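> this is a predicted model, with the sequence first.
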Amino acid sequence: MKYIDEIKKRKTFAVIAHPDAGKTTLTEKLLLFGGAIQTAGAVKSNKIKKHATSDFMEIEKQRGISVATSVMTFEYKGNLINLLDTPGHKDFAEDTYRTLTAVDSVILVIDSVNGVEEQTRRLMEVCRMRDTPVIVFVNKMDRDGKMPFDLLEEIERELHLRLHPMTWPINSGKDFKGVYNLYQKNLRLFAPNTKADEDDAEPISNLADESLDNRLGSGNAAQLREDVELIEGVYGELNVEDYLSAKTAPLFFGSAVNNFGVREMLDTFIRIAPAPLCRPTSEREICPGEEKFSGFVFKIHANLDPRHRDRIAFLRVCSGKFERNKFYHHVRLDKDVRFSNPYSFLARQKDVIDEAFPGDVVGLFDTGNFKIGDTLTEGEQLYFTGIPSFSPELFKEVVNKDPMKTKQLEKGLSQLTDEGVAQLFTQHNGNRKIIGCVGDLQFEVIQYRLLHEYGASVQFNTLPFYKACWITSDNPQKLEEFIRFKTGNVVLDKDGHLVYLAQSEWFLNTEMTNNPEIQFHFSSEINKELIA
Ligand code: G4P
């Protein structure tokens with residue numbers, strides 16, 4: 001196959017959702033359609049139900065360190081689909097945000113009963129930062145949820161998204177009758193547990209047809225006619241360009257657990273979702289069709305087995321062809337590296353591959369050379385940009401309980417934070433080390449891993465901070481003064497950027513008002529100058 005055709009047939013995306021909305025269930029159904037799995041239940045939920053380290057470790061072990069499920073590749077109707085998995089637990093949200101930098105589009109799952117939830121909002125914020133095209137799947141229509149128009153309004157308002165309904169539900173809960181496909185103008189009646197190969201949509205050329213009343217009951221039929229008239233009047237045809245530029249999000253209704261409404265969405269997805277896109281770098285935009293290879297690391301997965309301290313770095317191929325055993329330039333380390341056993345995730349398990357194309361994700365064995373955001377090229381000096389780092393929400397000081405193991409502790413902290421498990425801050429003009437995380441579970445994981453992998457024993461002391469802000473100023477003198485007055489609150493991040501730790505929103509607002517010449521940034525970008 002020609003190189004350009006290889007690129008065109010690829011679609012790399014992620015399914016995102018607030019926990020419990022049905023991400024795992026939908027993923028499984030997509031894989032069933034793609035023939036990547038044969039039976040339901042094959043995709044292990046990567047949720048961690050209880051807040052306990054032992055649970056986390058147990059789950060990690062069961063998942064075979066989750067490598068096999070981190071990327072799932074399958075073919076569907078001539079397309080090669082790379083589905084990037086994201087952690088289900090909110091404490092690992094940063095990992096999800098970074099994975100979103102490696103996809104070209106997302107499918108957002110919303111629970112019809114709960115509507116927009118906290119994690120839905122945050123995930124969409126990240127998608128908006130990058131103008132990622134979104135398809136919305138409203139799940140659990142077999143439950144008594146919110147009214148479809150109310151949901152539509154809620155999603156548009158809360159997520160600042162303009163929706164475009166592609167299917168429309170007929171009733172919900174125990175009276176759920178099915179969905180009408182507004183694009184293909186056909187009706188699919190609800191039957192629990194629809195098989196992947198069934199295609200029982202009934203074409204309805206005219207909604208006024210009386211047979212509709214027989215099939216749906218006259219009340220439902222009348223409601224559908226009214227709804228469809230309204231929707232078609234307001235929305236018209238989907239403008240694919242608006243979807244691709246993230247101005248409009250196609251909307252589907254269904255029930256993932258019943259495999260209902262999923263095929264309609266998947267068929268639309270392969271029709272409209274973008275093939276690998278061009279990406280910004282520190283120097284220029286890189287497009288997939290370019291001859292020379294380039295890619296970046298967006299995720300690092302550690303092997304939790306202490307006997308094998310190797311890690312797997314996940315690299316998204318952005319341009320050119322990646323080849324096994326060929327030397328590539330590791331830009332940050334300024335050295336050439338090659339990989340004899342790169343993994344791909346085609347078929348049901350990971351396989352050593354000889355080549356990979358833009359849009360693909362390659363797993364590279366790593367002994368500590370990579371950190372998130374690292375770029376590989378054929379020699380060009382550039383970094384991929386737009387990989388965000390957000391403010392942690394919990395801050396704890398690291399207390400070394402075993403001074404004999406100081407070196408091991410330093411190495412452990414450095415490597416774990418390279419993986420993106422947490423953020424490490426160092427006191428300005430001092431040695432105090434502060435770890436910032438999104439959730440408590442991460443502290444437990446760090447403590448466990450420092451002990452088991454590095455032999456370092458630590459204790460964490462909670463600090464009274466609530467947010468980290470990266471600070472910059474055009475006036476160096478003002479910045480100096482601020483640092484002097486706020487010594488206890490100013491730290492450096494791993495890249496040496498100045499960070500202000502605020503005790504509360506009130507303190508932060510006060511400092512912002514009192515120091516107009518200092519800019520407070522709420523996220524920082526790996527590999528790039530700070531962004532607002
Ligand atoms: P997540 O990955 O987004 O966290 O959600 P997951 O797919 O694990 O689904 C969360 C729960 O919602 C599961 O139930 C799942 O069976 C259920 N679910 C998913 N889709 C639908 C749907 O269309 N309708 C209904 N009624 N339920 C749905 P659980 O009890 O937590 O787990 P399980 O024991 O059923 O696996």
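Ah, there it is.
> switch to C-alpha atoms for all contacts and neighbour counts from now on
OK.
> what about P388, is that helix, strand or coil?
strand (DSSP: H, G, I helix; E, B strand; the rest coil).
> kindly report the same for M141.
Look at M141: counting by three-state DSSP, its state is coil.
> in this structure D213 contacts L224, no?
No. Between D213 and L224 there is no contact under C-alpha atoms under 8 Å: 10.3 Å.
> compare those two (neighbour count), which wins?
For D213 versus L224, the count of surrounding residues by other C-alpha atoms under 10 Å is larger for L224: 21 against 15.
> check whether the more buried one really touches I170, as I assumed.
Yes. Using C-alpha under 8 Å, L224 is in contact with I170, at 6.5 Å.
> buried ones in the longest helix anywhere in the chain?
Longest helix in the chain, counting residues (DSSP state H): helix 218-235. Neighbour-count burial for helix 218-235 flags 220-221, 224, 227-228, 231 (criterion: 16 or more other C-alpha atoms under 10 Å).
> with stretch 408-427 instead?
Buried residues in stretch 408-427 (16+ other C-alpha under 10 Å): 408-409, 412-427.
> in strands, which of the residues you listed fall?
Counting by DSSP state E, these place 423-427 in strands.
> want to throw those into CSV with pLDDT?
Below are those laid out as CSV (pLDDT from 0 to 100):
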residue, pLDDT
Q423, 92
L424, 94
F425, 95
T426, 94
Q427, 89
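> which of those residues come close to the ligand?
Taking C-alpha under 6 Å from any ligand atom as the test, the ligand is in contact with none of those.
> of the residues you listed, which pair is most distant in space?
With C-alpha to C-alpha as the measure, no two of these lie farther apart than Q423 and Q427, at 13.3 Å.
> which strand residues bridge V71?
Going by DSSP bridges, V71 is paired in beta bridges with L84.
> no wait, E202
With DSSP bridges applied, E202 shows beta-bridge pairing to L187.
> enumerate the residues of the chain near the ligand.
So the chain meets the ligand at 17, 19-25, 45, 88, 139-140, 142-143, 255-258 (C-alpha under 6 Å from any ligand atom).
> what sits closest to L409 if chain neighbours are left out?
A456 (5.3 Å; C-alpha to C-alpha, 6 or more residues apart in numbering).
> in contact with that neighbour, which residues?
Contacts for A456 (C-alpha atoms under 8 Å, 6 or more residues apart in numbering) come out as 400-402, 405-406, 408-409, 412, 450.
> quick one, phi/psi of it?
Per-residue torsions, A456: phi -100, psi 130 (degrees, to the nearest 10).
> and the pLDDT at the residue located most distally from the centre of the chain?
No residue in the chain sits farther from the centre than E210, which is 45.9 Å out by C-alpha atoms, centre = their mean. Looking at E210, its pLDDT reads 85.
> what does T248 give?
On the pLDDT scale, T248 is placed at 96.
> and V71, by the same measure?
pLDDT, read off for V71, is 82.
> equivalent analysis for F293, please.
We have a pLDDT of 97 for F293.
> same deal with T53?
The predicted local confidence for T53 is 44.
> check the one 3 residues further on too.
Looking at F56, its pLDDT reads 48.
> could you do I531 as well?
The model reports I531 with a pLDDT of 39.
> that older thread, columns distance to K9 on top of the contacts of A456, output as JSON lines?
Formatted as JSON lines, these follow (distance: C-alpha to C-alpha, whole Å):
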{"residue": "N400", "distance to K9": "52"}
{"residue": "K401", "distance to K9": "54"}
{"residue": "D402", "distance to K9": "54"}
{"residue": "K405", "distance to K9": "51"}
{"residue": "T406", "distance to K9": "51"}
{"residue": "Q408", "distance to K9": "46"}
{"residue": "L409", "distance to K9": "46"}
{"residue": "G412", "distance to K9": "41"}
{"residue": "L450", "distance to K9": "43"}
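> quick one: which of those residues is nearest L508?
For the contacts of A456, the nearest to L508 is N400 (30.1 Å; C-alpha to C-alpha).
> test my guess that the closest one contacts V458.
Yes. Counting by C-alpha under 8 Å, N400 does reach V458; the two are 4.8 Å apart.
> can you list the domains in this protein?
Listed by automatic domain parsing, the domain ranges of the chain are 4-272, 279-377, 394-531.
> include distance to I387 when you put these into a markdown table, please.
As requested, the domains of the chain are exported to a markdown table (distance: least, C-alpha to C-alpha, whole Å):
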| stretch | distance to I387 |
| --- | --- |
| domain 4-272 | 6 |
| domain 279-377 | 7 |
| domain 394-531 | 5 |
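> mean pLDDT for those domains: which is lowest?
Mean pLDDT across the domains of the chain is lowest at domain 4-272; the value there is a mean of 84.
> now do that one: distance from first to last residue.
Using C-alpha to C-alpha, to the nearest Å, one end of domain 4-272 lies 18 Å from the other.
> for that domain, the distance to its chain's centre please.
Offset of domain 4-272 from its chain centre (C-alpha atoms, centre = their mean, to the nearest Å): 15 Å.
> burial check on F520, number of neighbours?
Neighbours of F520 using other C-alpha under 10 Å come to 21.
> from C469, how far off is it?
Between F520 and C469 the computed distance is 6 Å (C-alpha to C-alpha).
> and stretch 140-148, what's buried?
If you call a residue buried by 16+ other C-alpha under 10 Å, then stretch 140-148 has these buried ones: 140-143, 145-146, 148.
> what would those look like in TSV with distance to E202?
Shown next, in TSV, are the buried residues of stretch 140-148 (distance: C-alpha to C-alpha, whole Å):
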residue	distance to E202
K140	22
M141	20
D142	20
R143	24
G145	25
K146	26
P148	22
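> by contact count, what packs against the helix or strand hosting V445?
V445 belongs to helix 440-454 when assigned by DSSP states H and E. The contact analysis (3 or more C-alpha pairs under 8 Å, 6 or more residues apart in numbering; DSSP states H and E) places helix 440-454 against helix 53-62, helix 406-418, strand 458-462.
> list of residues touching the shortest one?
Counting by C-alpha under 8 Å, 6+ apart, strand 458-462 makes contact with 395-402, 447, 450-451, all of which sit outside it.
> isn't V438 right up against F390?
No. Under the criterion of C-alpha under 8 Å, V438 makes no contact with F390, lying 9.3 Å away.
> identify the contacts common to these two.
Residues touching both V438 and F390 (C-alpha under 8 Å, 6+ apart) are E94.
> now do N489 against T120, distance only.
Going from N489 to T120 by C-alpha to C-alpha gives 31 Å.
> the two: which has the busier surroundings?
Using other C-alpha under 10 Å as the criterion, N489 and T120 rank with T120 on top: 21 against 17.
> does that one belong to a helix or a strand, and which?
With DSSP H and E as the criterion, the answer for T120 is helix 118-130.
> measure stretch 379-387 end to end?
By C-alpha to C-alpha, the extent of stretch 379-387 from end to end equals 21 Å.
> rounded mean pLDDT for that stretch, please.
pLDDT averaged over stretch 379-387 gives 88.
> now do the helices in the stretch 1-150 of the chain.
In the stretch 1-150 of the chain, the helices defined using DSSP state H, counting those that start in this stretch lie at 3-8, 23-33, 53-62, 67-70, 93-99, 118-130, 148-159.
> as a check, name the ranges of all strands in the stretch 301-450 of the chain.
For the stretch 301-450 of the chain, the strands defined by DSSP state E, counting those that start in this stretch occupy 311-319, 322-323, 328-330, 335-337, 343-344, 351-352, 355-356, 361-366, 375-377, 387-390, 394-400, 423-427, 433-437.
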